[in-house]
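Asker: model the structure of this input:
(chains A and B)
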Amino acid sequence: MNNVLSIRQTPVDVVQTLLTAAGEFKRSVKKSGPVKGLPRRTVGLLFFENSTRTRVGFEQACHYLGYRTVNFSGSGSSVKKGETLKDTILTLRYERLEAVVIRHSASGSCNLAARYFNGPVINAGDGWHEHPTQALGDGLTVIERKGKIDGLKIAIVGDITHSRVARSNAWLFSKMGAEVRFVGPRTLVPGQTSQFPATVYHDLRAGLDGVDVVMALRLQLERMEEGLVSIGEYRRLYQINRSSLRSAAPDAIVMHPGPMNRGVEIDDLTADGPNSVITEQVTNCIFGRMASLAYAFGDVRAAGTGGLT
Amino acid sequence: MKTLLKNGRILDPSLGLDIAGSVLIEDAQIVEVGAEVDVQGVQETYDCSGLWICPGLVDMHTHLREPGEEHRETIRTGTQAAAAGGFTNICCMPNTTPALDNPALVDFILDRASAPDAGGVFVSPVGALTVSNAGVHISDLAALKKAGVVAASDEGSPVQDSRVMMRAMETCLQVDLPILAHCEDRSLSSEGCMNDGSRSALLGLAGIPRCAEEIMVMRNCLLALNTGCRIHILRVSTWGAVEMVRQAKYLGAPVTCEVCPHHFSLTEDDVGEFDPNFKTTPPLRTQVDVDIILQALNDGTIDCIASDHSPYAPYEVEVPFQEAPFGLAGLESVVGATLTYVTHKGLLNPLETVRKLSTAPAKVLGIEAGSLSPGSSPLAQVTVIDPNVEWTFDAARTFSRGKNTPFHGVPFRGKAVLTFCGGEIYRDQLYPSARYQVELD
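Answerer: Alright, predicted model coming up:
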C-alpha cells in the first residue's frame, strides 16, 4: 500500500516508475481497452471542491483499471452537517473502501486523511499544496513531445503562490532533471522560494528565454478582487502569446492545466496553435491517475525499470 | 506547622540571593531564608540538596478558557496544570466567552480559583481592554481594577484602531493598570496560518508576514511613549520586534516584553508536514529570530518568559493545518524548555532564569509574588526545581485538558518538582519520597 500525497515527497525512482507506468497504461488502453487481470478494488472519490476534469479523469482511470468507484461530494456529504474530515475518513474506512482519492481546499488535508485511513490515499489536489496526478500527466505529455525531461528548460508562468499544479510540476520536472523557472508578478510568487527547485523571474521574456516548455497557469479571478493583480497589467506583462513565445525555443511546447481564461493568461491563437499540447495533457492525466492508483495498490513495480506487475 | 526546605540552592533575584541554604515556612508564611535557619520544631522537612529553591513562578499569560470554553480547559484543570508546571501565580487572559469585561466575571474567576479542588495557585485576572474584546468601546477599567484585575489586555483581538488604543492607554494610565498588548496587524495576517517564509511557500499555506507583528509593536511602543502608559508586549517572535522594544526602552518608553518557550526553541521548519501542534500566533519564525531572541533574553531586552498556555480540545486540533486554531498548551513545559534551551546552553545563569520566570513578571504586574522575602506575599510561594533531571515531556500525562503541544516526546533537562503556595500544592513523582520527612508528634 502506498500513498500518493505529493511529488516532493516521492523518491525520484518512484516518480520515474510512475511516469513509465503511465506511458505503458496509455499504450495498453489504446491497444486493447481496459486493463485486464488486475484485482478488483473499490475506490472512494471524495471531492470537497468542484472539479470536472480531475473527477472524470479518476473515474476513467478506475474504469480502465477495472476498479469500482464510490462518489462523495463535499456539498452532499455529512461534512455539510458539521462532520470533521477526520470523522468522514474514519467512516469511509469502516465502509470498507480500499482507497480514497481526495480533493480538498485545505493544504495538507490528504496528509491528515492518510493518518486515519487504513488504505492508500491519493491527493487529487489539496489547497495550494500539490496536485501530483496532474503533474504525472503533464510529465508524460512532455516526454511524448520532447522524448525526455532531463536537460529541458521549463517555465511555469503565472500565479505560483496559489497553484498546487506549479508546486507538483516543479518537483516532478526538477526530479527528472529539468531546469525549472517560476515566472510571475511579485504579488503572485512566494517571497521566499529557497526550498523550491526553481529560479524565479519577474520578467516574462527573461523567464522564457530559450525554454523548451512553457506552462501557463490559470489566473483566478478572486485574486484580482483581492488586489493582487490587475487583469490588464497581467495580460500585458505575462500573457503567453505569439509575441512572448518569441523568447522561447522555436519548438517550445505550450501547456496549461486548465481550465483556461482565454485572452487572459493565454491567447486564443496560442491555446489552439500547433505548439499547444493542452488537450493532450487532459488525456494523459487519466494515465497518470491510473499509474498512481495501481502504484497505490502495489500493482506497479515500486522501482527500477517500472512497468506493470 | 513548620515546614523546612533545606540544603537547596536558594535563587531569589529580588533579594539578590544565590546561596546554599534553607527556607522555613511557618503557618503558610515564609519566615526565614538563609544559609542558617532555625530548625527547631519543624514538622515537615524537604531535602532539597541538588535542587533550586526559588520564588514561586509567575505566568503572566495563561488562557484558562472558563467561562465559556470549558471543553478546552477549566479553572480547575488549568490551575492544576500551573501547579504542576511550578507556577504559583498565573494571569488568566480575558478572551473568554463572554469576555472578561465586567466585575461579576472577575468575582466568578476568583471564586472558582480558590475552590478546594482547584490547583491551589493564585489567579490574577486580566480585564478586557475593550467591551467584548471588540476593539471599539473601552471597558470600565476602574471597576475591573476594583474587582481585582491586575492588567488590561486585548489578547486574542488586538485593537486595530490606533485612536482607540491611545484612549485605552490614557485610561489605563489613569487607573494605574499595565496593558498586556497582543501585537498583530490583522489586515496583514488575516489569511495566514504560519510564518510567511520558505516553509509556507513549500507547503502551499498562506503566510503571516513578520511585519504584521512588528508594525503593531512599533505602534504600541510609540503610543506608550506618547501617553506614558505601561505596556507589556506579549510574546515577541521576530528579531525586528525585539529591536523595536530595545529602541523603545532606549527612548524611555515604559515598555516590557515577554517570549514564549516555543519561540526560542522552534522554527517554522518544525511545522513539518502540516502538524497543527505547531500552529501558534505569532507563528514560529526562523533560526535567525530564535538566535536574536536568545541574545535578547541574555542582554535583558526581553524581560519575561511566559507560557501563552492556549489549550484546545483534541478534536479541534485534528483538522487540516489551516483550519486548526492558533495556540499551544504550555504551562507544564515552560521550566523544562527554558532550562533545556536557554539555561543549560549558558545563555542565562540560574538567577537570571528565575528572574524571567518569577520576579520580573511579578514586577511588571505589580503583584505580591516573585520573592522569598518574608511577608512579600500573602502566602508562601515557593517553587523547587531539579535543574538536572532528564525527562521526556508526555502530553498524555499533563493536567491540562489541552494536549496540543509541540513538545510531546521532547527530552528536557530540568523540571519543577515541588510547588508551594501556602502549603504543598504539587509534588512530582520524580521528587524522591525519601527526601520528604514528616515528623509526627
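Asker: what does the stretch 1-150 of chain A put close to chain B?
Answerer: Contact residues (Cβ under 8 Å from any Cβ of the partner chain) of the stretch 1-150 of chain A with chain B: A:8-9, A:84-86, A:104, A:106-109, A:111-112, A:126-130. Glycine gets a C-beta too; all of them are placed from N, C-alpha and C.
Asker: show only the entries of those found in strands.
Answerer: A:H104, A:D126 (DSSP state E).
Asker: from the residues of the stretch 1-150 of chain A next to chain B, list the buried ones, please.
Answerer: Buried members of the residues of the stretch 1-150 of chain A next to chain B, counted by 16 or more other Cβ atoms under 10 Å in any protein chain shown: A:8, A:84-86, A:104, A:106-109, A:111-112, A:126-130.
Asker: which of those fall in helices?
Answerer: A:L85, A:K86, A:S109, A:N111, A:L112 (DSSP state H).
Asker: next, give me the two most distant ones among the residues you listed.
Answerer: A:K86 and A:N111 (12.0 Å; Cβ to Cβ).
Asker: wait, a strand at B:S371?
Answerer: No. Under the criterion used here (DSSP: H, G, I helix; E, B strand; the rest coil), B:S371 is coil, not part of a strand.
Asker: wouldn't it be in contact with B:V382 here?
Answerer: No. Taking contacts as Cβ atoms under 8 Å, B:S371 lies outside contact range of B:V382: 10.4 Å.
Asker: whatever residue of the stretch 251-400 of chain B ends up closest to chain A: neighbour count?
Answerer: Nearest residue of the stretch 251-400 of chain B to chain A, counting by Cβ to the nearest Cβ: B:F274, 3.1 Å away. B:F274: 26 surrounding residues under other Cβ atoms under 10 Å in any protein chain shown.
Asker: what do you get for B:V290?
Answerer: For B:V290, using other Cβ under 10 Å, the count is 20.
Asker: which element is it on?
Answerer: helix B:287-299 (DSSP states H and E).
Asker: pull the residues that contact that helix.
Answerer: For helix B:287-299, contacts defined as Cβ atoms under 8 Å, 6 or more residues apart in numbering or on different chains pick out B:210, B:236-239, B:242-243, B:246, B:259, B:263-267, B:302, B:305, B:341-342, B:345, B:347-348, B:356.
Asker: show me where the chain has helices.
Answerer: Reading this off chain A. Using DSSP H, helices in chain A cover A:12-32, A:53-65, A:85-94, A:109-116, A:132-146, A:164-175, A:204-208, A:221-225, A:231-238, A:268-271, A:278-296.
Asker: try chain B instead
Answerer: Using DSSP H, the helices of chain B run over B:75-84, B:103-113, B:141-147, B:162-175, B:186-189, B:198-203, B:210-227, B:239-250, B:261-265, B:287-299, B:314-317, B:334-338, B:350-354, B:360-365.
Asker: can you lay out the ones you listed as JSON lines showing mean pLDDT and distance to B:S376?
Answerer: Shown next, in JSON lines, are those (pLDDT from 0 to 100; distance: least, Cβ to Cβ, whole Å):
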{"stretch": "helix B:75-84", "mean pLDDT": "98", "distance to B:S376": "20"}
{"stretch": "helix B:103-113", "mean pLDDT": "98", "distance to B:S376": "20"}
{"stretch": "helix B:141-147", "mean pLDDT": "98", "distance to B:S376": "21"}
{"stretch": "helix B:162-175", "mean pLDDT": "98", "distance to B:S376": "24"}
{"stretch": "helix B:186-189", "mean pLDDT": "97", "distance to B:S376": "40"}
{"stretch": "helix B:198-203", "mean pLDDT": "96", "distance to B:S376": "45"}
{"stretch": "helix B:210-227", "mean pLDDT": "98", "distance to B:S376": "28"}
{"stretch": "helix B:239-250", "mean pLDDT": "98", "distance to B:S376": "26"}
{"stretch": "helix B:261-265", "mean pLDDT": "98", "distance to B:S376": "27"}
{"stretch": "helix B:287-299", "mean pLDDT": "98", "distance to B:S376": "25"}
{"stretch": "helix B:314-317", "mean pLDDT": "96", "distance to B:S376": "40"}
{"stretch": "helix B:334-338", "mean pLDDT": "98", "distance to B:S376": "21"}
{"stretch": "helix B:350-354", "mean pLDDT": "98", "distance to B:S376": "14"}
{"stretch": "helix B:360-365", "mean pLDDT": "98", "distance to B:S376": "9"}
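Asker: my guess is the residue of the stretch 251-400 of chain B closest to chain A contacts A:A113. True?
Answerer: No. Here B:F274 does not reach A:A113: they are 11.2 Å apart, not a contact under Cβ under 8 Å.
Asker: could I get the phi/psi values of the residue in the stretch 201-309 of chain A that chain B sits nearest to?
Answerer: Using Cβ to the nearest Cβ, the single residue of the stretch 201-309 of chain A nearest to chain B is A:E226, 9.2 Å away. The phi/psi pair for A:E226 (degrees, to the nearest 10) reads phi -80, psi -10.
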